[in-house]
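[1] Quick one, structure for this:
(chains A and B)
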Protein chains: 2
Amino acid sequence: MAQTNPTTMNPMPMGPFKITVYDQEHFQGRRMEFTAACQNIMECGMDNIRSVKVECGAWVGYEHTSFCGQQFVLERGEYPRWDSWSGSNAYHIERMMSFRPICSAVRIPYPQNHKDCRIILFERENFIGRQFEICDDYPSLQAMGWCNNEIGSMQVQSGAWVCYQYPGYRGYQYIMECDRHGGEYKHYREFGSHSQTCQIQSIRRIQQ
Amino acid sequence: MAQTNPTTMNPMPMGPFKITVYDQEHFQGRRMEFTAACQNIMECGMDNIRSVKVECGAWVGYEHTSFCGQQFVLERGEYPRWDSWSGSNAYHIERMMSFRPICSAVRIPYPQNHKDCRIILFERENFIGRQFEICDDYPSLQAMGWCNNEIGSMQVQSGAWVCYQYPGYRGYQYIMECDRHGGEYKHYREFGSHSQTCQIQSIRRIQQ
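    Okay, here's the model as predicted:
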C-alpha cells in the first residue's frame, strides 16, 4: 500500500496479538480481551461469541470448544455478527466457542515477501499425482491451470494459508499452517474436523 | 503459480468469456451457455439461476434484472448453489437474474503485472480526506494502515476490483471498474444499487 498521507497510519499496536470478543451482536454485552488462545469461551463465563474486533495479528475461530468444527480466519477489523466471519455456507450454526492466534502468518506491510509463503498442492491424497507449488493468492485455482475443483493433499512449506471450498474465497474455510501437523495435510479429513470433501477452489496467504 | 508438471494445465479456452447457467442446483435442469451479457434471464425462458459454471473470464452476477441489486463476482470455477456465490450476508434472497463479463479484469497468469491494477481510496466522499493508492490485494485494510472500517469514495485508475464489507473478502461485494462511471465512485450510493453504508474492510483485484 503506497502511503500518500502519513497521518493515515494508525500507531503500531502494543503486542503481536489482541482480540476482543462480545457476547452480543454489534459489540454489545459482556466484553473480554485476549492476547492468547481460548479453548472454551464458556469457561470465561460467556455462553457464545456474537461479535468480534481483531486489533492485532491474525486469528482462527472455531465453531466448537477445543478448536474443533468449522474454522473462521479472523484478520484485523470488525465483525459485528456471526455472518460477518462465517463462510457463505448452507450449514449455519451461529457459534464460535474457541479461538487461537495464527503464529505462522507472515508479517505485513506490502509489498510482501512472497517467498515467505509456500505451499504445494497435490492432485491426490498422500502427496501423489499432479502438483503445483504456489507462493501467492489464487481466487480461482482453475483459472490458474489447476486441473479440477479438488485438492487431494497439501504440504505447507512456509507461512499460513486459508483454503476455500468455492472460487473467490467463499464457502468453508480451512486454515493450513507450516507449524502444525508438520505442515502436512495428507488427506482431506486432515484439512479440518468439519471437512467432508476435498473440494477447494481458492486459496490465499494469511498475513498479519 | 510455479508449474511443476506441464500435464496439469488445461487447454486454453476458445474465447475470452464463457459462462454456463442452470435453472436447478448442482448443474441440473435447463442449461444455457453465454459469451456476453444477459440482462434478464427470464427472457431466455428461465425463472432463476440456481447453479453456475464459469469456464472463461471473470463475470459479475446481479440479484435483479438489468444489472441491479446485490453483486456477485464470478471467477472461473463451479458454483453449485446460491450460497456458493453470495456473500455471507443476513440478507438472503436467492436470486441471480442478470450477469455480464468484467472486461477490465486483468489477464493472468501470475506473477502478475500488479501495476495494471490501481485504485485510490479516499476517506470521505467526493475524493477528499485521507487517501491510499493500492495495487494489490488487501484482506484487511485496517491491518495495512487504513484509518477505519469505511471508504468515502474511490477512483479506479486501472483494472477491476471487488470491495467487501468485512475483512477476509466477506459480506456484500461491490465491483469497481476503470471503464465504468469513468472509474469514479464518489459516494457510497454509487458503489452499487444495494449499497447502504460506506463500510468496506477488504479489497482485491479481479483477474481472469
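[2] and the residue most central in space within chain A, what is it in contact with?
    Residue closest to the average C-alpha location in chain A (C-alpha atoms, centre = their mean): A:V73, at 2.8 Å. Applying C-beta atoms under 8 Å, 6 or more residues apart in numbering or on different chains to A:V73 gives the contacts A:A58, A:W59, A:V60, A:I102, A:V162, A:Q173, A:I175, A:I206, B:G168. For every residue, glycine as well, the C-beta is placed using N, CA and C.
[3] And for A:A37?
    A:F67, A:S98, A:F99, A:R100, A:P101.
[4] Quick check: bridge partners of the nearest residue to A:I203 once chain neighbours are set aside?
    Among residues not flanking A:I203 along the chain, A:C163 sits closest, at 4.8 Å (C-beta to C-beta, 6 or more residues apart in numbering or on different chains). On the basis of DSSP bridges, A:C163 is bridged to A:Y174, A:I203.
[5] For chain A, give me the ranges with low pLDDT.
    Counting by pLDDT under 70, chain A shows low-confidence ranges at A:1-15, A:88-92, A:108-115.
[6] Just the helices from chain A, written as ranges.
    Counting by DSSP state H, chain A has no helices at all.
[7] residues near the closest residue to A:T65 other than its chain neighbours, how many?
    Nearest residue to A:T65, sequence neighbours excluded (C-beta to C-beta, 6+ apart): A:N40, at 4.2 Å. A count of nearby residues for A:N40, using other C-beta atoms under 10 Å in any protein chain shown, gives 13.
[8] And for A:Q199?
    A:Q199: 19 neighbours (other C-beta under 10 Å).
[9] A:T197 against A:E150, yeah?
    Yes: with contact defined as C-beta atoms under 8 Å, A:T197 reaches A:E150; the gap is 7.4 Å.
[10] These two - which one has more neighbours?
    A:E150 (15 against 11).
[11] what's across from the more buried one in the sheet?
    The partner residues for A:E150, given DSSP bridges, come to A:Q199.
[12] got a list of what it touches?
    A:E150 touches A:E123, A:T197, A:C198, A:Q199, A:I200, counting by C-beta under 8 Å, 6+ apart.
[13] go again using 10 Å as the cut-off
    A:E123, A:R124, A:L141, A:Y188, A:T197, A:C198, A:Q199, A:I200, A:Q201 (C-beta atoms under 10 Å, 6 or more residues apart in numbering or on different chains).
[14] what's the spacing between it and B:S66?
    A:E150 sits 37 Å away from B:S66, going by C-beta to C-beta, to the nearest Å.
[15] Ok, A:R180 next?
    A:R180 is 48 Å from B:S66, by C-beta to C-beta.
[16] Those two: which is more packed in?
    A:R180 (15 against 11).
[17] Count residues in the vicinity of A:Q24, would you?
    With other C-beta under 10 Å as criterion, A:Q24 counts 15.
[18] My guess is it contacts A:V52. True?
    No: using C-beta atoms under 10 Å, A:Q24 makes no contact with A:V52, being 11.7 Å away.
[19] The closest residue to A:G29 other than its chain neighbours: neighbour count?
    Nearest residue to A:G29, sequence neighbours excluded (C-beta to C-beta, 6+ apart): A:D23, at 4.4 Å. Number of residues near A:D23 (other C-beta under 10 Å) recorded here: 18.
[20] Next, find the distance separating A:D23 from A:V52.
    11 Å.
[21] Let's have the contacts of A:A37 in a markdown table, adding neighbour count.
    Shown next, in a markdown table, are those (neighbours: other C-beta atoms under 10 Å in any protein chain shown):
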| residue | neighbour count |
| --- | --- |
| A:F67 | 20 |
| A:S98 | 23 |
| A:F99 | 24 |
| A:R100 | 18 |
| A:P101 | 21 |
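[22] if we can go back for a sec, the residue nearest to A:T65 and A:D47, how far apart?
    On the measure of C-beta to C-beta, A:N40 and A:D47 end up 11 Å apart.
[23] what sits in contact with each of the two?
    Counting by C-beta under 10 Å, 6+ apart, the residues touching both A:N40 and A:D47 are A:M97.
[24] Chain B versus A:A36, what's the distance?
    19 Å (C-beta to the nearest C-beta, to the nearest Å).
[25] Report whether the expected contact of that residue with A:P101 is present.
    Yes: with contact defined as C-beta under 10 Å, A:A36 and A:P101 form a contacting pair (6.8 Å).
[26] residues shared between the contacts of those two?
    A:F17, A:K18, A:I19.
[27] Tell me which of the residues you listed fall in strands.
    A:K18, A:I19 (DSSP state E).
[28] any chance of the shared contacts of A:A36 and A:P101 in TSV, with distance to chain B and neighbour count too?
    Shown next, in TSV, are the shared contacts of A:A36 and A:P101 (distance: C-beta to the nearest C-beta, whole Å; neighbours: other C-beta atoms under 10 Å in any protein chain shown):
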residue	distance to chain B	neighbour count
A:F17	13	20
A:K18	12	19
A:I19	12	25
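[29] Much appreciated, bye for now.
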